[in-house]
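> Mind folding the following:
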Amino acid sequence: MKTGHFLTGIAAMLLTAFTANAQFTFSDGLERATPESQGVRSEDIADFFSALDKGGYEVHGLMILRHDKVIAEHWWSPYSPEYKHAMYSSTKTYTAAAVGFAVQEGLIDIDRPFMDYFPELVPENPAPELARLKVYHLLTMSAGHRSTRYEGSGDDQVRSFLAMDYAHEPGSSFAYNITCSHMLSLLITRVTGVSIYEYLKPRLFEPLGLSEDIFWEMDLSGCNMGNGGMHSRTSDMAKFGTFLKNRGSWKGKQLLDPQWVDQMTRPHIYQHPERSAEENAGDDGSQGYGYQTWMGRSGSYRAIGASNQAIIVIPGSDVVVATQGAIGDENGFNSLVYQLCAKMGQKKLKENRSFDLQKEISGYALKMPFSEPGSARRTSCTLRFKMHQNRFGIEQAGLRFDSEGNMYLTLETAASTTNIPFGLGCWKIGETDRKMPFTRAVYTNMMGVTSYQTAGTMAWTADNELRTRCLSMFNVSTYEDMVFSFDGDGLTLTIKAPAGRGGAPSEPDLVLSGTLVRSSYKTTPF
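So this is what the prediction gives:
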């Protein structure tokens, strides 16, 4: 939704994320170039952004690289280049890279039975297929298990995995099994003695200059999730995609065996062999699966996570696209990327100085939840309410309004205090290491590894009614909607039920009430 320098020579190497958007300044070490210098028309990029907007794609961050240079980038407010976004299953491709490094160092043989690495956890009477289940089959999601649900965590989950019955011979059938990916993380820890994050840090993260504060969620045993849980910046994804495109090389230095990357990024098994070639031709989910990596149309491959956290590599066009968002139509999004690539040429183009790409794309932002914010009903005041007994243990609610009408909400229980800012007609960014006492849609990392950011906005819908939305920046498109209704000294706080399937509420609203006990007003504020 629209809301309304080019650098030359050495300046193009500045560690600044500017490209088409001077509003963003963030050091990431990637080289920038104009689209035309890389054979791409700025107008085509603007059309691509326009198509995303018209198609209703909720993009949070996007970087387009050609010939290893960033030619376009943008973040939809309240998201920004420094924000670490949940990557979900796109983490799996990093897991495959970690296995590759371990193979390169002689620590893992992917043709060896997986159970050989955990001999003490093998059941007394294993299924005969277990001896034929290789590490390779975990990499390619072809374990053949009857179920993809396994109890426990850490060694207990490994026991469950090794004890599972089989529906297919290992290697004969594709079945998306996220625990295969997590087993690979546990395998890395088993053969190296360190977590997969610690293992990759000196081998991949540091050489590529990935963000030092990337974090990777853990399971209940304290091992990084091999199937998801990484949170990183868009630029980190762009670097990893460039590393893969260049077959494990980074800035002229070969870090990972190119043959391993080749194996990672080619199809080893197909998702829907029962379909006709015509049916599969237009579906990016049917082009084959490599090592924890999806193949795509136009000769592409990608790391992909829920809601389209994607690193798309199109070798034939020498293009990498890194994107984060909340997109359900992955196939439609990818089609727009392929259409853009089809317009790219091999020769430098003359720039159209009358066309301002920055101006064309700088106004795209996340759609605001309220059509009108309303005028500021309260400014430069503080209201404190004693909340009536409730099952969440919320004892006090404080509402502080600044001179511009923005609100800062404080919720207090006997054990914690949560502070959330809300912007009047805009987003206000906050940060907390606590989840709200009543939270149902927004949650933090249960392992307590990190705090999480919030983005809050608000609107007055009546003189005595204020609506807010608190967007979790930890998990994609999870939010809490609240309604504050004031009646004299009384407050009714309604926490709206999160939407279920089809947009209908999944459960009843939560309603709390309280009485004003302190106010900077000399009279009743409502």
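> helix, strand or coil for T93?
Assigned with DSSP: H, G, I helix; E, B strand; the rest coil, T93 falls in the helix class.
> likewise V158?
V158 - assigned by three-state DSSP - is helix.
> Please tell me how far it sits from E198.
Applying CB to CB, to the nearest Å, the value for V158 to E198 is 19 Å. To be clear about C-beta, it is placed using only N, CA and C from the backbone, and glycine gets the same treatment.
> More neighbours: which of these two?
V158 (26 against 15; other CB atoms under 10 Å).
> Spell out which residues sit in contact with that one, please.
For V158, the contact set (CB atoms under 8 Å, 6 or more residues apart in numbering) comprises F118, L121, M183, L186.
> can I get the residues you listed in CSV with distance to H85, pLDDT and secondary structure?
Output for the contacts of V158, formatted as CSV (distance: CB to CB, whole Å; pLDDT from 0 to 100; DSSP: H, G, I helix; E, B strand; the rest coil):
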residue, distance to H85, pLDDT, secondary structure
F118, 33, 98, coil
L121, 35, 98, helix
M183, 26, 98, helix
L186, 25, 98, helix
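> Need the max-distance pair from those residues.
L121 and M183 (11.1 Å; CB to CB).
> Settle it for me: which of those two has more neighbours?
M183 (26 against 16).
> That one and Q157, how far apart?
Distance from M183 to Q157, by CB to CB: 8 Å.
> G226 too?
Counting by CB to CB - G226 and Q157 are separated by 11 Å.
> Now the common contact residues for these two.
With contacts taken as CB under 8 Å, 6+ apart, G226 and Q157 have H182, L186 as neighbours in common.
> Between these two, which has more neighbouring residues?
Neighbours were counted for G226 and for Q157 using other CB under 10 Å; G226 has more, 31 against 21.
> Who's the closest spatial neighbour of the more buried one, skipping the chain neighbours?
Closest residue in space to G226, ignoring its immediate chain neighbours: S185 at 2.8 Å, by CB to CB, 6 or more residues apart in numbering.
> Name the helix or strand for the residue lying closest to P126 once chain neighbours are set aside, please.
Leaving aside its chain neighbours, P126 sits nearest to L162 (6.7 Å; criterion: CB to CB, 6+ apart). Using DSSP states H and E, L162 maps to helix 155-163.
> Same check on S147?
Using DSSP H and E, S147 falls outside every helix and strand.
> Where do the strands of the stretch 1-150 of the chain begin and end?
58-66, 69-75, 85-86 (DSSP state E, counting those that start in this stretch).
> so which of those gets nearest D329?
Among those, strand 58-66 comes nearest to D329, with 10.4 Å by CB to CB.
> Who are the packing partners of that closest one?
Applying 3 or more CB pairs under 8 Å, 6 or more residues apart in numbering; DSSP states H and E, we find strand 58-66 packed against strand 69-75, helix 234-245, strand 319-326.
> Neighbours of the nearest residue to L187 once chain neighbours are set aside, how many?
Spatial nearest neighbour of L187, excluding adjacent residues (CB to CB, 6+ apart): Y117 at 5.7 Å. For Y117, the count of nearby residues is 18 (other CB under 10 Å).
> Distance check, Y117 against L162.
10 Å.
> Would you mind measuring from S335 to G296?
10 Å.
> So these two - more neighbours on which side?
G296 (25 against 17).
> Quick check, the more buried one in contact with I312.
Yes. Counting by CB atoms under 8 Å, G296 touches I312, with 7.0 Å between them.
> Between these two, which contacts overlap?
R302, N334.
> one step back: what distance separates the helix holding L162 from the centre of its chain?
Averaging C-alpha positions (CA atoms, centre = their mean, to the nearest Å) puts helix 155-163 28 Å from its chain's average.
> and that helix, which residues are buried?
Q157, V158, R159, S160, F161, L162, A163 (16 or more other CB atoms under 10 Å).
> coming back round to it: can I take it that the residue nearest to G226 is in a helix?
Yes. S185: assigned to a helix according to three-state DSSP.
> on that earlier part again, dump the helices and strands packed on strand 58-66 to TSV, plus mean pLDDT, mean neighbour count and distance to G430.
What follows is the helices and strands packed on strand 58-66, written out as TSV (pLDDT from 0 to 100; neighbours: other CB atoms under 10 Å; distance: least, CB to CB, whole Å):
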stretch	mean pLDDT	mean neighbour count	distance to G430
strand 69-75	98	25	18
helix 234-245	98	25	21
strand 319-326	98	25	20
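> Pipe those into JSON lines and attach distance to F422 per row.
Putting the helices and strands packed on strand 58-66 into JSON lines (distance: least, CB to CB, whole Å) gives the following:
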{"stretch": "strand 69-75", "distance to F422": "21"}
{"stretch": "helix 234-245", "distance to F422": "26"}
{"stretch": "strand 319-326", "distance to F422": "21"}
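> Between these, which one is closest to M344.
Comparing the helices and strands packed on strand 58-66 by CB to CB, strand 319-326 comes nearest, at 7.3 Å.
> by contact count, what packs against that closest one?
Counting by 3+ CB pairs under 8 Å, 6+ apart, strand 319-326 packs on strand 58-66, helix 234-245, strand 309-314, helix 330-342.
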